[in-house]
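J.: Coordinates for the following, if possible.
(one chain, ligands or ions: 1)
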Amino acid sequence: MPAATQLSYYQLNNFNPAPINVESPAVWESHLAKRRDLYEMHLSIPLSLLRGRDVLEFGCNSGENALVLASIGANLTLVEPNDQVLPRLETLFNHFDLNPRISSLIQTDIEGFRAQRTYDVVLAEGFLYNLPNRDLMLTKICDLLAPGGIGILSFVPAAAPLPVSVAAPVPG
Ligand SMILES: C[S@@+](CC[C@H](N)C(=O)[O-])C[C@H]1O[C@@H](n2cnc3c(N)ncnc32)[C@H](O)[C@@H]1O
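T.: Residues are numbered from 1 along each chain as shown. Predicted coordinates:
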């Protein structure tokens with residue numbers, strides 16, 4: 001039976017879609033450089049700006065990207081519906097001794113997430129474009145941003161069917 005959603009495909013096949021072997025120092029350095037390039041050269045966000053900021057990441061998978069933000073001192077709220085990838089996330093944060101940077105790790109999807117507060121940065125990379133209710137979820141992300149906060153998400157442009165990332169500040 002074909003999977004109905006991206007998430008159910010991952011779960012049915014016990015598939016981690018984006019594992020990165022960051023335990024290897026060389027791979028970690030390369031991953032850090034790629035994420036720095038994405039933030040600083042493509043999105044025009046100096047990584048140092050995120051130190052001490054409250055970051056909410058939806059669909060964090062096994063946490064390799066979140067680790068980069070943890071390493072520069074961001075405070076993380078991580079939201080991931082696929083329980084199969086969470087043991088690796090916990091192992092990785094332990095390995096780098098960065099668990100104290102996780103304020104909260106919640107196993108739910110973006111639809112089920114509830115908060116009584118806002119965040120400086122909200123990330124949703126690699127899944128929003130597959131959701132049937134993506135417009136509603138985009139509004140949800142905007143509502144979760146503090147004034148002056150930054151939403152970072154990837155989407156698939158019609159002209160070039162590869163995901164690209166964009167950052168959009170919410171007016172302060
Ligand atoms: C292609 S992976 C991308 C992982 C990571 N964000 C990255 O960019 O490397 C998509 C992630 O989104 C998660 N996901 C799928 N549907 C979701 C939903 N409705 N709400 C939140 N996360 C979801 C998946 O479980 C998976 O971790």
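
J.: roughly how far out does stretch 149-168 sit from the chain middle?
T.: 13 Å (C-alpha atoms, centre = their mean, to the nearest Å).

J.: any bit of it sitting next to the ligand?
T.: No: using C-beta under 6 Å from any ligand atom, stretch 149-168 never reaches the ligand; the gap is at least 7.0 Å. In this view, the C-beta of every residue, glycine as well, is placed from N, C-alpha and C.

J.: Stretch 126-146 now?
T.: Yes: Stretch 126-146 reaches the ligand (C-beta under 6 Å from any ligand atom) through 126-127, 131.

J.: what's that stretch in contact with?
T.: By C-beta atoms under 8 Å, 6 or more residues apart in numbering, the residues outside stretch 126-146 that reach it are 5-7, 17-18, 56, 58-59, 61, 110-111, 113, 115, 118-122, 124, 151, 153-156, 163, 170.

J.: Can you pick out the ones from those that are in strands?
T.: Using DSSP state E, the members of the contacts of stretch 126-146 that fall within strands are 56, 58, 119-122, 124, 151, 153-155.

J.: Just the buried ones from these?
T.: 56, 58, 119-122, 124, 151, 153-154 (16 or more other C-beta atoms under 10 Å).

J.: could I get those as JSON lines with pLDDT?
T.: Output for these, formatted as JSON lines (pLDDT from 0 to 100):
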{"residue": "56", "pLDDT": "98"}
{"residue": "58", "pLDDT": "98"}
{"residue": "119", "pLDDT": "98"}
{"residue": "120", "pLDDT": "97"}
{"residue": "121", "pLDDT": "97"}
{"residue": "122", "pLDDT": "98"}
{"residue": "124", "pLDDT": "97"}
{"residue": "151", "pLDDT": "95"}
{"residue": "153", "pLDDT": "93"}
{"residue": "154", "pLDDT": "90"}
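
J.: Which two of those residues have the greatest separation?
T.: 120 and 154 (19.2 Å; C-beta to C-beta).

J.: Which strands and helices lie in contact with the longest helix seen in the chain?
T.: The longest helix of the chain (DSSP state H) is helix 25-36. Under the contact definition 3 or more C-beta pairs under 8 Å, 6 or more residues apart in numbering; DSSP states H and E, helix 25-36 sits against helix 64-71.

J.: hmm, who's touching the helix or strand just after the helix it packs on?
T.: For helix 64-71, the following helix or strand on the C-terminal side (DSSP states H and E) is strand 75-79. Contact partners of strand 75-79, identified using C-beta under 8 Å, 6+ apart, comprise 52-60, 63, 66, 69-70, 89, 101-106, 108-110, 113, 115, 119.

J.: just stretch 31-39 next, same as before
T.: With C-beta under 8 Å, 6+ apart, stretch 31-39 has contacts from 20, 22, 45-47, 64-65, 68, 71, 165.
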